Structure formats: C-alpha cells, structure tokens
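>>> For reference, the sequence and a predicted model appear below.
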Amino acid sequence: MKQTQVKVAFLSAVLALGTILAGCGGNSNNASGGGTSAPAANQEQGEVSSQSGEQSKEKIVIATVGPLSGSASDYGSTANAGAQYALEQKKAEFEQLGFTVELLPQDDQADAKQAVAIAEMMVSNPDVVAVVGHVTTGASIAASVKYEQEGLVMVSPSSTGSSLTDEGKKVVHRICARDDQQGSQAAIFAKNQLNVKSAFIIHDKQAYGQGLADEVKKQFDQDGVQVLGYEGITAGEKDYSAVINKVVAANPDLIYFGGYYAEAGILVKQARDKGFKGYFMGGDGFDSADLLKIAGPAAEGVVFTSTVGDIAATEEGKKWIEEYEQKTGNKVGIFTSFGYDAMNVTLNGVLEAIKANGGTKGITNSPRYSCTNTKTVKKCTWGKRNNPFSASRSAAGCPACLCQPAQTAGFFSVAGDSPSAGFGPHCRFCGRMMVLLLPCGRWQALPVSYRR
C-alpha cells in the first residue's frame, strides 16, 4: 500500500470517529491478573518469556501535552488523567496486534515557547505517532506549526481558540467547541438574561483570553451593549489595581474577563474590595475550584460559560464517572472526559492506520521519516556536501532529503560506516545521514530531526 494512502487513512479516521464519550463506553479491555501459583522455576521462566514477548512487540508512544504545573495545571492534569485512563483501556487491543502502547506526558506550563520546545522533542522521537494536546489555545497554536511541518498529528482536548483550526493545518484536530460560539453566546446571555447595558472587557493578552474577549466585544457591539473599556493585563501578576481603578471609575454593569482562573480569582477579589457591585463574567477558563480558593467569598455571583457539558446529566455519564473514580481513585475534573475522548479518537485513528497498512505502524510517510515526493533533484540548491556533519546545517533545507524517498535518494557512504559508530548511507546531495543500520542488518529511515 502506498504510504500516502496510509496518512489519509489515519487522518480521516481521526476526523470521522468524533467524540467517543457520547457512548461513554464503560467497556474496559484491561487485562486482570490472577491464576494459581507456580513453582519458582516455572515463574522465572514465565517472566523471561514475558519479557521476551514485550521486546518483540513494536512500541507506539502517544504524547500528552498540557500544563502539569503552573497556574493552569488543573486543566493539564485532568486532561492527562482522562487520556491515561483511555490508553489503559486500549492496551490489550494493541498488544493483540503486536504493539505496546505507552503514554508520554509533557508539561508545557501553558506557555507558547515551552510548547514549541516540547513539539520539537516530540517530532524528534520516532516512537511518538500522535499528540493528545495541547490543552490551552496559545500553546496549541504555537506547537501546531512544528507538528504541521513534520507531519505529526495532534488532537487537542480543550483548545477553544477559533484560529487554531482556521489556519488550514492538516494535522490539527480538536474535540471541543470554539470561542466564536462561546463568546457570542456569553454576550447574548449577558444582554438578554442579565439585562446588561454596559460592560468593561479585560483580557490576559494571550491567544485564548484575548480571542474570547474579542468575540464577546464583537457581539456586544452588534447588540448595542456599550463597551466602556477594553484593557489587557499580564498573566502571573498579583496586583491589578491599575485596571480595577479604571473599571470602578467607568462603573459598568458587567466586567468580562477573557483568561484563566488564577488571574480571574485575583481580579474578582480586588474588584469587590474596591466596591464594584456589578456582574463578573468569563469563559471556561474560570471553570476550576481554585477560583473559589483564590477569590474567596468574592466569587459569589460570578457567571461563566463553558464548553464542558455536565456528563453526570445522563445515566451513561454517571456510570462512566463511577467507573473512572472507582478504577483510578481520582475525582473527575474539568477536562478528564475531554482527555479521555481525545485519546480515544487518537488511538482509534492509529488502529485504523495499522489495519490499512497491513498490520504495521503505517505512520512512516510523513516528513519525519521520509518524503513521498519522488521528483528528481538534478542540482543541489541547498549547499555543498563539504563537512556534512556541521552542527550549523539543517537537513530541512536539502531538496534531496525532503523530496526523495530514502531508497532512491542516491546515497554515498563515508569511511568507517558501522552501526556502533552511528553511521550509515548519506544523501549524495547534502551529505547528511538518511538512514541508520540496525543491529539486525536492516536499514531504517531516520526522522529529519535525527539526520546529521
């Protein structure tokens, strides 16, 4: 089967499978231990056999990326917990096909720069076939550029920023609603249900918060609600009295804040301390018990919208919650079910790709492994092959590395090629190593990031 067909099969599977939790499948494929005791010798032999079986299985790694520390850690930790639960339920199915599937949690701290650094590590790891993440919009947008460049699929459980999927990236997916839906509905609710005539809008100058605030402002402007102020704050600070003073002076019916619960809690408390009596409203970034801890009694009356539905509203959802909490010992958090869904969508996509590729991974067609464009490169426009191992040179710039499959690129070998030295055939255009000789004698294509 052609490699291009495999990629389409994988991406189509991710897109078509949709949200798994709609079925709240309580079915678990976890293998349970048990059986009678065996003599020590037989037990040792069984352990050796088991280890040998594990080594013979091909490894698949799914990375989960989100804030596991910092002010937004509640989001990342709950999404990761749900993803891990879904992966545990699928392990046996993968093992029957000859694969081990592992989770690789990564902490991007909801920071765009950290997200890009993690994305670079993930595309450089040949075992990572997909990313469940990122959790926050800013991190997802920043990292998606690298994933698109290297052909690594990402499925975000909770990035609601509209622009994330408006940019046309083929590898970018999410399972949640968008801020252009959430923001407009928040503004409509404020006008029609809260009878708001004027508002002061604050945002945290980040992709999620400012994007959501923009959608609210757009709807307010359309509906004739007077926007008395539009101000940005810096996330992570502890004193927002400067902007609160402007709010109190303007005396709006409502403060709308686009951002996360850590800053929201501080803003709410400081606004109430300075005498603000109106409504305080936000989006799903408020949805954390930590907001109550930060704001204290001032949190009373805060209104927020959310893309997260109440899964306990159905019998099926209640059953899923009960099973999750019983098996994991943890409470369901804000994005637990979303992490669960995102992981299930991802794993089902990988399973479809394996089936479409005759029982192999089938994810080796992306730029991370080789290129399916077999056009002939007659002249190297990237540079000479002198000193091919210079650290300042990037294989991404070589037309041969990117435009010809490894088996037809026209390799040359350098003196001393050996598996132990880490050498192998090299691109005859730029001189960089294209494949690695494995101990078994087979050649394996290297990801672009690994090519010297």
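Sure, I can see it.
>>> contacts, neighbours, all on C-alpha from now
Fine.
>>> ok, residues contacting stretch 181-201?
Residues from elsewhere that reach stretch 181-201 (CA atoms under 8 Å, 6 or more residues apart in numbering): 212-220, 223-231, 247, 250, 252-258, 283, 304-307.
>>> List the ones among these that fall in strands.
226, 227, 228, 229, 230, 231, 254, 255, 256, 257, 258, 304 (DSSP state E).
>>> Specify the beta-bridge partners of the fourth one.
Put plainly, it is residue 229. Here residue 229 shows beta-bridge partners residue 200, assigned using DSSP bridges.
>>> if I pick it, what's in contact with it?
Contacts of residue 229 by CA under 8 Å, 6+ apart are 199, 200, 201, 202, 247, 250.
>>> how does it look with 10 Å?
By CA atoms under 10 Å, 6 or more residues apart in numbering, the contact set of residue 229 is 198, 199, 200, 201, 202, 243, 246, 247, 250, 252, 255.
>>> Could you measure from the closest residue to residue 137 other than its chain neighbours over to residue 174?
Closest residue in space to residue 137, ignoring its immediate chain neighbours: residue 159 at 4.4 Å, by CA to CA, 6 or more residues apart in numbering. Separation of residue 159 from residue 174 (CA to CA, to the nearest Å): 7 Å.
>>> so what sits against both of those two?
Joint contacts of residue 159 and residue 174 (CA under 10 Å, 6+ apart) are 133, 134, 135, 165.
>>> remind me which residues of the chain are low pLDDT?
1-55, 362-452 (pLDDT under 70).
>>> Which helix runs longest in it?
The longest helix of the chain (DSSP state H) is helix 73-96.
>>> What are the buried residues along that one?
In terms of neighbour count (16 or more other CA atoms under 10 Å), helix 73-96 has its buried residues at 73-92, 94.
>>> Give me the helices and strands touching the helix or strand following that helix, please.
Where DSSP states H and E defines the elements, the next helix or strand beyond helix 73-96 is strand 99-107. Where contact means 3 or more CA pairs under 10 Å, 6 or more residues apart in numbering; DSSP states H and E, strand 99-107 is packed against helix 40-56, strand 58-66, helix 73-96, helix 112-123, strand 128-133.
>>> what lines up beside strand 99-107 in the sheet?
Strand 99-107 has these strand partners (DSSP bridges): strand 58-66 (parallel).
>>> CA atoms of the strand it pairs with as CSV?
Provided in CSV are the C-alpha atoms of strand 58-66 (Å, rounded to 0.1, in the frame of the first residue of the first chain):
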residue,chain,number,x,y,z
GLU,A,58,6.8,-2.7,18.3
LYS,A,59,6.4,0.3,20.5
ILE,A,60,3.9,3.1,19.9
VAL,A,61,4.0,6.2,22.0
ILE,A,62,1.2,8.8,22.4
ALA,A,63,2.3,12.0,23.9
THR,A,64,0.0,14.1,26.1
VAL,A,65,0.9,17.7,26.4
GLY,A,66,-0.5,20.4,28.7
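>>> give me the beta-bridge partners of the nearest residue to residue 303 once chain neighbours are set aside?
Distance criterion CA to CA, 6+ apart; nearest residue to residue 303, sequence neighbours excluded, is residue 281 at 4.7 Å. Beta-bridge partners of residue 281, counted by DSSP bridges, are residue 256, residue 303.
>>> In PyMOL, select just the buried ones from the shared contacts of residue 159 and residue 174.
The buried subset of the shared contacts of residue 159 and residue 174, as determined by 16+ other CA under 10 Å, is captured in PyMOL by this line:
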select buried, resi 133+134+135+165
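>>> Can you give me every residue that contacts residue 171?
11, 14, 130, 144-145, 147-155, 165.
>>> what's the spacing between residue 160 and residue 321?
Taking CA to CA, one finds residue 160 at 24 Å from residue 321.
>>> Which residue of those two possesses the greater neighbour count?
Applying other CA atoms under 10 Å to residue 160 and residue 321 shows that residue 160 carries more neighbours, namely 29 against 20.
>>> mind checking how far the more buried one is from residue 182?
Counting by CA to CA - residue 160 and residue 182 are separated by 9 Å.
>>> before we move on, what about residue 88?
32 Å.
>>> ok, now residue 125?
Residue 125 is 36 Å from residue 182, by CA to CA.
>>> ok, how many other residues are close to residue 253?
For residue 253, using other CA under 10 Å, the count is 21.
>>> what's near enough to touch it?
Residue 253 is in contact with 190, 194-200, 226, 228, 276-280, counting by CA under 10 Å, 6+ apart.
>>> Looking at neighbours, which among the residues you listed is most surrounded?
residue 199 (28 neighbours).
>>> re the thing from before, from the contacts of residue 253, which is closest to residue 293?
Among the contacts of residue 253, residue 280 lies closest to residue 293 (CA to CA), at 16.5 Å.
>>> how near is the closest residue to residue 139 other than its chain neighbours to residue 100?
In space, and not counting its chain neighbours, residue 139 is closest to residue 112: 4.4 Å by CA to CA, 6+ apart. Taking CA to CA as the measure, residue 112 falls 31 Å from residue 100.
>>> What of residue 190?
From residue 190 to residue 100 the distance is 50 Å (CA to CA).
>>> of the contacts of stretch 181-201, buried ones?
Looks like the contacts of stretch 181-201 have 212-220, 225-231, 247, 252-258, 283, 304-307 buried, using 16+ other CA under 10 Å.
>>> tell me the SS of the residue nearest to residue 137?
Secondary structure of residue 159, reduced to three states by DSSP: H, G, I helix; E, B strand; the rest coil: coil.
>>> ok now do it, which residues does it touch?
Going by CA under 10 Å, 6+ apart, the list of residues near residue 159 reads 133-141, 165, 173-179, 207-208.
>>> Noted, bye for now.
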